[in-house]
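Student: Give the three-dimensional model of this entry:
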Amino acid sequence: MNTIHAEKRLQSGQTIQLIQGDITIEEVDAIVNAANEYLQHGGGVARAISKKGGRTIQKESDTWVRKHGTVSHKRPAWTSGGDLPAKYVIHAVGPVWRDPQTEAEIQEIDNNLAFAITGSLVVADELRCFSLALPAISTGIFGFPKERAASITYISMERYFALHSDSGINLVKLILYDQPTVDVFLKAWHEQWGN
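Tutor: Have a look, this model is predicted:
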């Protein structure tokens, strides 16, 4: 069972929830998969989604890559939800953190994470989704520092909705699996939005 730890209604009208649990059981219009550019769902959140969603998700992912090429940070792919409660899976490619050395490298990686989050919201709107669940993109096997990712996630969502008053998305659930990630994202939540 998933547990809500925090909830915020943005000035633009959307509700954001921070939840600990399993993204694959969320009854939302779409869930976001933390994918790689080839949509090979072999580890982490991607593996859990593909396993629970059934073979359809990998089959549709392979078809997507054959048709459109590899997936960029800015433009996520999407498939059906297969056997998941969600109707769609939006496959967002976050950046891999490779110990950047310069401020320019750090800025590029930060921007790519923001692109992945914003791109997921764009695709959700294109699919006419009212509700969306997303994980902590890039913070698992891609190694992105969690505190930094949390701040970028919150700012990206807030900016997107402020700029897109016509968005049909009403609810965004940020689904975090483990307690250490929840703790870091809650700390950043309070720094961003207060209690």
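
Student: Now Gly43. Nearest residue, chain neighbours left out?
Tutor: Nearest non-adjacent residue to Gly43, counting by C-beta to C-beta, 6 or more residues apart in numbering: Ile141, 5.6 Å away. To be clear about C-beta, it is placed using only N, CA and C from the backbone, and glycine gets the same treatment.

Student: cool, and Pro85?
Tutor: Glu27 (4.5 Å).

Student: The one you found against Ala86, yeah?
Tutor: Yes - with contacts counted by C-beta atoms under 8 Å, Glu27 reaches Ala86, the gap being 7.4 Å.

Student: thinking again about what came up before, I'd like to know how far the residue nearest to Pro85 sits from Arg47.
Tutor: 21 Å (C-beta to C-beta, to the nearest Å).

Student: do Thr24 as well
Tutor: Applying C-beta to C-beta to Thr24 and Arg47 gives a distance of 11 Å.

Student: So the two - more neighbours on which side?
Tutor: Thr24 (22 against 14; other C-beta atoms under 10 Å).

Student: Can you get me a residue count around the closest residue to Asp110 other than its chain neighbours?
Tutor: Among residues not flanking Asp110 along the chain, Ile152 sits closest, at 5.9 Å (C-beta to C-beta, 6+ apart). Using other C-beta under 10 Å, Ile152 is surrounded by 23 other residues.

Student: residues contacting Ile152?
Tutor: Ile152 is in contact with 110, 113-114, 117, counting by C-beta atoms under 8 Å, 6 or more residues apart in numbering.

Student: What separation is there between His91 and Gln179?
Tutor: 26 Å.

Student: So for the two, which sits in the more crowded spot?
Tutor: Legend: neighbour count by other C-beta under 10 Å for His91 and Gln179, higher for His91 (28 against 9).

Student: what's across from that one in the sheet?
Tutor: Per DSSP bridges, the residues bridged to His91 are Asn33, Ala77.

Student: what's the single longest helix in the protein?
Tutor: helix 103-126 (DSSP state H).

Student: pull the CA atoms of that helix into CSV?
Tutor: This file holds the C-alpha atoms of helix 103-126, laid out as CSV (Å, rounded to 0.1, in the frame of the first residue of the first chain):
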residue,chain,number,x,y,z
GLU,A,103,30.0,24.2,-14.1
ALA,A,104,29.0,23.8,-17.7
GLU,A,105,28.9,20.0,-17.4
ILE,A,106,26.8,20.2,-14.3
GLN,A,107,24.4,22.7,-15.9
GLU,A,108,24.0,20.4,-18.9
ILE,A,109,23.2,17.4,-16.7
ASP,A,110,20.8,19.4,-14.6
ASN,A,111,19.1,20.7,-17.8
ASN,A,112,18.7,17.2,-19.1
LEU,A,113,16.9,16.1,-16.0
ALA,A,114,14.6,19.1,-16.2
PHE,A,115,14.0,18.2,-19.9
ALA,A,116,13.0,14.6,-19.0
ILE,A,117,10.5,15.8,-16.3
THR,A,118,9.1,18.6,-18.5
GLY,A,119,8.9,16.3,-21.5
SER,A,120,7.0,13.8,-19.5
LEU,A,121,4.4,16.5,-18.6
VAL,A,122,4.2,17.5,-22.3
VAL,A,123,3.5,13.9,-23.4
ALA,A,124,1.0,13.4,-20.6
ASP,A,125,-0.9,16.5,-21.8
GLU,A,126,-0.7,15.3,-25.4
